[in-house]
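Novice: Got a predicted model here, sequence first, then my questions.
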Amino acid sequence: MVRSGRHAVHRRHTGTHTDARRGRRWTVWAAALVVIASTVFLGTQFAQTAVAPGYATWQDKTSTLLRAVGMGPVLDRVETWLYTRSAPSDTPPDPASVTMTGAAPNSPGAGPRYPGLPTLAHTADDAGWHAVVRVPGDPPVVYTAVIQPDPLHRSVVVGIGLVRSSAVQAHLESGTVQPVRSGSAGQIPSGQLADVAAAFNSGFKMSAYSGGFYLDGATVRTLVDGKASAVIDDTGRLSIGQWGRDIQMSSHVRAVRQNLALIVEGGQPVPGLDRNVDLRWGTLHNQLQYTWRSAMGITRSGDIVYVAGDKLNLATLGVALAQAGAITGMELDIHSGMEFFSSWRTDGAGGSAPQRLMSAMVGPADRYVRPDQRDFFYFTATPTTPAR
């Protein structure tokens, strides 16, 4: 009886060990399947990102991939850690970073000074506004300048591009990937290249914020009340305001691009840019990042003004946009490679060619002439209009 009992106990132990081994094997197999599935999923996402048509920096492609697999919050925390570690220096800027191409406003070829130019208290190159001559003999459509908006960090320089609204028609173009993969060519139409005066980047990618996108009668993403909105009407005029308060949908609206909340109102930076307590301007601490940033606004003359620069936090971006003459303005995209402004300048052979606003901007000067993954704005010159 005792022996039988011992055998019974042994058999019970053997069964327990067998079940444990089976459990471990199933755990290993389950883990392996998870790893394989994750690898296949990540590989598929990477392949789709890598082969998507159109230009994009490697940083943009990496960000797109991470957000596609649900790692957006992790990416936001890493970026905040990376870009808040050290403030920019107070040393004078590199002379190359403050060199503006184009003629000075009153030099030969620039024509009479455009009276709608905002007054700049000081420019980093001590040369004021520069006129970009696209067609010799015609009034300039684009003016550029460079400023130092942060008195505590003199190394920070910001490029300004001003586009005369009375002399252009504004356009919003979808990218090949953003806001969605819609089959858009993602480039300035070839039939309009002869008339292009300027082009620049749009806002955050759609997966990184809750704003909307509307183009040519189609709501690609629902428009949200309270968001800063760049709106183009059926005359090609661009305006900026808070959706639902300053601007509403009408039969005359042709395009709307939303991005966060306004950063300039009444010609002054909006209070609270340095705190972002209600997350109106992105994730927590995003406003503290010293990184490449861009923004656009509307001046008192109704012109479009664009600013961009490196080592900017959100508060300094607001200051720069206000100094550039904006009475209302909104943040556009941030981080290296996301900011780009081209203006078209005479090539001396009867045509014109694009040039960067700042030499440090990443990407070819003709970036928007070729397919691009991100949406952007561009401006075509209307028949010659005398300077006001």
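Specialist: Cool, the structure landed.

Novice: which residues make contact with stretch 346-356 from outside it?
Specialist: 101-102, 132-136, 196, 199, 340-345, 365-369 (C-beta atoms under 8 Å, 6 or more residues apart in numbering). Where C-beta positions appear, they are placed from N, C-alpha and C, glycine not excepted.

Novice: Just the buried ones from the residues you listed, in PyMOL syntax?
Specialist: Filtering the contacts of stretch 346-356 down to the buried ones (16 or more other C-beta atoms under 10 Å) takes a single PyMOL command:
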select buried, resi 102+132+133+134+135+196+199+340+341+342+343+344+345+365+366+367+368+369
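
Novice: Can you say which helix or strand has the most centrally placed residue in the chain in it?
Specialist: In the chain, the C-alpha nearest the mean C-alpha coordinate belongs to residue 333, at 2.1 Å (C-alpha atoms, centre = their mean). If you go by DSSP states H and E, residue 333 is part of strand 326-334.

Novice: Excluding covalently adjacent residues, which one is nearest to residue 258?
Specialist: Leaving aside its sequence neighbours, residue 258 sits nearest to residue 211 (C-beta to C-beta, 6 or more residues apart in numbering; 3.2 Å).

Novice: Check what pLDDT that neighbour gets.
Specialist: According to the prediction, residue 211 has pLDDT 90.

Novice: next SSE after the worst-scoring helix or strand of the chain on mean pLDDT?
Specialist: When each helix and strand of the chain is scored by mean pLDDT, DSSP states H and E, helix 2-51 comes last, with a mean of 53. Sequence-wise, the next helix or strand downstream of helix 2-51 (DSSP H and E) is helix 58-68.

Novice: which helices and strands sit right next to that next one?
Specialist: helix 2-51, helix 72-83 (3 or more C-beta pairs under 8 Å, 6 or more residues apart in numbering; DSSP states H and E).

Novice: That one: how far from the chain's middle?
Specialist: Distance of helix 58-68 from the chain centroid (C-alpha atoms, centre = their mean, to the nearest Å) equals 14 Å.

Novice: which stretches of the protein have low pLDDT?
Specialist: In the predicted model of the chain, residues 1-51, 99-111, 181-182, 384-388 satisfy pLDDT under 70.

Novice: If we use 50, what do you get?
Specialist: 1-9, 11, 34-35, 38-42, 45-47, 106, 386-388 (pLDDT under 50).

Novice: Kindly state the domain boundaries assigned to it.
Specialist: 2-82, 91-381 (automatic domain parsing).

Novice: What residues does residue 190 make contact with?
Specialist: Contacts of residue 190 (C-beta under 8 Å, 6+ apart): none.

Novice: and it, backbone torsions?
Specialist: Dihedral pair for residue 190: phi -60, psi -30, per degrees, to the nearest 10.

Novice: Kindly report the same for residue 369.
Specialist: Dihedral angles (degrees, to the nearest 10) for residue 369: phi -80, psi -20.

Novice: Leaving out chain neighbours, which residue sits closest to it?
Specialist: Nearest one to residue 369, counting by C-beta to C-beta, 6+ apart, is residue 188 at 5.8 Å.

Novice: Pull the number of nearby residues for the one you found.
Specialist: 24 (other C-beta atoms under 10 Å).

Novice: Pretty sure it sits against residue 379.
Specialist: No. Applying C-beta atoms under 8 Å, one finds residue 188 not in contact with residue 379, separated by 10.0 Å.

Novice: Can you pull the residues that touch both of the two?
Specialist: In contact with both residue 188 and residue 379: 196, 199, using C-beta under 8 Å, 6+ apart.

Novice: May I have the residues that are in contact with residue 148?
Specialist: Residue 148 neighbours (C-beta under 8 Å, 6+ apart): 93, 122, 124, 154, 156, 157, 158.

Novice: if we can go back for a sec, A strand includes the residue nearest to residue 369, no?
Specialist: No. Counting by DSSP: H, G, I helix; E, B strand; the rest coil, residue 188 is not part of a strand but coil.

Novice: Need the residues that contact stretch 312-322.
Specialist: Contacts of stretch 312-322 (C-beta under 8 Å, 6+ apart): 147, 149-150, 153, 156, 158, 263-264, 267-270, 273-274, 276, 281, 286-293, 295-297, 305, 307, 309, 329, 331.

Novice: now those residues: which count as buried?
Specialist: Buried, going by 16+ other C-beta under 10 Å: 147, 149-150, 153, 156, 158, 263-264, 267, 269-270, 273, 276, 281, 286-293, 295-297, 305, 307, 309, 329, 331, out of the contacts of stretch 312-322.

Novice: Which of those residues fall within strands?
Specialist: Here DSSP state E is the test, and the buried ones among the contacts of stretch 312-322 give 147, 158, 263-264, 269, 291-293, 295-297, 305, 307, 309, 329, 331 as lying in strands.

Novice: Among those, which one sits closest to residue 112?
Specialist: Distance to residue 112 across these (C-beta to C-beta) is lowest for residue 305, with 20.4 Å.

Novice: Does that closest one touch residue 299 like I think?
Specialist: Yes. Using C-beta under 8 Å, residue 305 is in contact with residue 299, at 5.5 Å.

Novice: Find the residues that touch each one of those two.
Specialist: Common neighbours of residue 305 and residue 299 (C-beta under 8 Å, 6+ apart) are 118, 162, 325, 326.

Novice: Would you mind putting those residues into a markdown table with neighbour count and distance to residue 63 alongside?
Specialist: Output for the shared contacts of residue 305 and residue 299, formatted as a markdown table (neighbours: other C-beta atoms under 10 Å; distance: C-beta to C-beta, whole Å):
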| residue | neighbour count | distance to residue 63 |
| --- | --- | --- |
| 118 | 21 | 34 |
| 162 | 29 | 30 |
| 325 | 24 | 32 |
| 326 | 32 | 28 |
